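Asker: Quick one, fold the following:
(chains A and B)
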Amino acid sequence: GENVEQHPSTLSVQEGDSAVIKCTYSDSASNYFPWYKQELGKRPQLIIDIRSNVGEKKDQRIAVTLNKTAKHFSLHITETQPEDSAVYFCAASVGQNFVFGPGTRLSVLP
Amino acid sequence: GAGVSQSPRYKVAKRGQDVALRCDPISGHVSLFWYQQALGQGPEFLTYFQNEAQLDKSGLPSDRFFAERPEGSVSTLKIQRTQQEDSAVYLCASSLGVQRGNQPQHFGDGTRLSIL
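Answerer: Have a look, this model is predicted:
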């Protein structure tokens, strides 16, 4: 079945710097790749997603890139702010289900 | 409310007791998913409903876990004879359509289950 790996597991950046989180997946049939942000004790919230027919998508300070050949996709956050601190999960769809990565804990230091 | 609602938010049970967790999806959402999230891990798929039909239950860890969605709206996840390894956050998510794996899922706040 699908396997999703995510790196790094923890990431600390200075406020204003950029953060990059990378994920790889194993099932070449996967065609939808969402990213979720989860603050402590709260629900995962969708922040951006990308479909397999697109290589890049941007929404303000957040962007996602997808390389289908290499089976990896990345989340880019620019001009980080303290409120960006959270755990970020990538996911890949296989069938109707999502397979999630293990998460990246991002800390933005003021 | 507009979002996915789960209850209770916290549940403490003694080992061996049965528990029932409720999920109220976004109105009109056809697809409903249950996930188990262990501390420090990503959500892991348990089961999937399309309307009232349970189309995939491959993620349920044992026959002690049972889920239903009898009228295609509210869903209940039941765990019988709970064990300590069942302690986790149980997340429910819903999505609008039936297109396979190609639509955003919207999550509830989860139920944090602690088995003593």
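Asker: List the buried residues in stretch A:24-37.
Answerer: Residues A:24-25, A:27, A:30-37 are the ones in stretch A:24-37 that count as buried (16 or more other CB atoms under 10 Å in any protein chain shown). C-beta: built from backbone N, CA, C; applies to glycine.
Asker: Adding secondary structure as columns, could you present those residues in a markdown table?
Answerer: Below are the buried residues of stretch A:24-37 laid out as a markdown table (DSSP: H, G, I helix; E, B strand; the rest coil):
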| residue | secondary structure |
| --- | --- |
| A:24 | strand |
| A:25 | strand |
| A:27 | coil |
| A:30 | coil |
| A:31 | coil |
| A:32 | strand |
| A:33 | strand |
| A:34 | strand |
| A:35 | strand |
| A:36 | strand |
| A:37 | strand |
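Asker: now, the most widely separated pair of those residues?
Answerer: A:27 and A:37 (24.0 Å; CB to CB).
Asker: mind listing what residue A:64 touches?
Answerer: Applying CB atoms under 8 Å, 6 or more residues apart in numbering or on different chains to residue A:64 gives the contacts A:33, A:35, A:48-50, A:56-58, A:73-76.
Asker: what do you get if the cut-off is 10 Å, keeping everything else the same?
Answerer: Residues counted as contacts of residue A:64 (CB atoms under 10 Å, 6 or more residues apart in numbering or on different chains) are A:21, A:23, A:33-35, A:47-50, A:54-58, A:73-76, A:90.
Asker: repeat for residue A:55
Answerer: Counted by CB under 10 Å, 6+ apart, residue A:55 has contacts A:64-68, A:73.
Asker: Please identify which pair of those residues lies farthest apart.
Answerer: Comparing every pair within these by CB to CB identifies A:64 and A:68 as the most remote, at 13.0 Å.
Asker: So which bits of chain A are right by chain B?
Answerer: Residues of chain A lying close to chain B by CB under 10 Å from any CB of the partner chain are A:1-2, A:4, A:6, A:9, A:29-32, A:34, A:36, A:38, A:41-46, A:48-49, A:51-52, A:87, A:89-103, A:105.
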